[in-house]
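Engineer: Got a predicted model here, sequence first, then my questions.
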Amino acid sequence: MRTIRRKVGKGVSKDGNDPEDVRTVQTLLNQNIAKLVPFMPAIVSGHCDSHTIEMIEEFQRRVLLIKPDGRVDPGNRTIAALNGLSSHTSTAVGAAVSGQAPSAAGKQLHEGGIANALGALSRFVTQKSHADAVRYAITAYFNYAAAKPDSIQKPYLYFVDYGLPRQTRRGFVFDMVKLTLVDRPFTVAHGKGSHERRDGVPISFDNAIGSNATSLGLYLTLGTHPHNGTYHTNEGNKTYSGTSLVLEGESGPDFNSKAVDRLVVIHGAPYVYPNSAGHSKGCPAMEMDRANRLIPLLKEGAVVFLFSPNDPNWMAHDPWVHYSMT
């Protein structure tokens, strides 16, 4: 049983909210996340932020059926309930981690969270290449969060619909806690190795080193480092510099596992404009100013999802889209 030494949560005096205790509560909340749909997992930071307090309140409201105070005290019923529930296979997240089958109720809560997020976020996507484009992204996000709740440290989902032409504003960043749009739709580059149709839609995708192609699937953001690149103009090649956000491919060896080795990153590029995008070496590059705003938000624990209906094998077999909680 996990215990805390001091009080954690809302209205706690200076002697409470010890970082170690806060991390314990955040971990327990994440283990009970299926009871808190549509909440996203807490960031296990040791900082008692507003999201953590809201999760405590919602847990008290739903599970303990009491008027919530947003606080967890040592030895009180909230910490006991958090520990008791976290050991039951009726929570979908706990079941996903342990490999045991979740209950029907846990599955319903998980599916309800997906449906709720889809309903809230679909309205921001007025143009899409496939009826299931947004559903694939949100389903993959929720499935990944259920299986690896500690991996997600930021509440953001960067979604790109590569079934649309590169002249289209096909990139979105969603806040998966507030279920809002962080930044308006924007243009995103695709890899020059993803050969495109005349209308600018990429039609081939590859995980191979040296392919310079876009790789579809789910990614987790890592850290940043300086980025230097070149681009072609009518006056010849020019150089530029900025910041790169490293991406770790999570959709397996068939799709995007070599992202780090291929140097697939999020970065700003001068060949991406408000109404058109050039070609990258496989990176979901965006406008320079936008990258300067979004990369600090997305770094170290956000999710990226690159979609296209033009790869039937990926559509049918991405492991997070088709993840099973049974």
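Structural biologist: Done, it's in.
Engineer: any idea how far His195 is from Trp320?
Structural biologist: 26 Å (Cβ to Cβ, to the nearest Å). From N, CA and C alone the C-beta is placed, and that goes for glycine too.
Engineer: can you give me the strands in the chain?
Structural biologist: Assigned by DSSP state E, the strands in the chain fall at 8-9, 71-72, 156-161, 171-175, 180-186, 190-191, 217-233, 236-249, 265-267, 272-273, 276-277, 279-280, 303-307.
Engineer: mean confidence for stretch 172-191?
Structural biologist: For stretch 172-191, mean pLDDT is 92.
Engineer: Report the buried residues of that stretch.
Structural biologist: Neighbour-count burial for stretch 172-191, counted by 16 or more other Cβ atoms under 10 Å, picks out 172-177, 179, 181-183, 185-191.
Engineer: Now do the helices in the stretch 51-200 of the chain.
Structural biologist: 77-86, 92-98, 104-121, 133-147 (DSSP state H, counting those that start in this stretch).
Engineer: hey, least reliable of those helices by pLDDT?
Structural biologist: Lowest mean pLDDT of the helices of the stretch 51-200 of the chain: helix 92-98, a mean of 34.
Engineer: What residue in this structure is the furthest from its centre?
Structural biologist: Distance from the C-alpha centroid of the chain peaks at Glu235, with 39.6 Å (Cα atoms, centre = their mean).
Engineer: Near the residue lying closest to Arg184 once chain neighbours are set aside, how many other residues are there?
Structural biologist: Residue nearest to Arg184 in three dimensions, not counting chain neighbours: Arg169, with 7.7 Å by Cβ to Cβ, 6 or more residues apart in numbering. Per other Cβ atoms under 10 Å, the neighbour tally for Arg169 reads 17.
Engineer: Identify the residues contacting Arg169.
Structural biologist: Applying Cβ atoms under 8 Å, 6 or more residues apart in numbering to Arg169 gives the contacts Gln127, Arg184, Pro185, Phe186, Thr187, Asn275.
Engineer: Generate CSV for the residues you listed, with distance to Val160 as supplementary columns.
Structural biologist: As requested, the contacts of Arg169 are exported to CSV (distance: Cβ to Cβ, whole Å):
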residue, distance to Val160
Gln127, 13
Arg184, 14
Pro185, 10
Phe186, 10
Thr187, 10
Asn275, 16
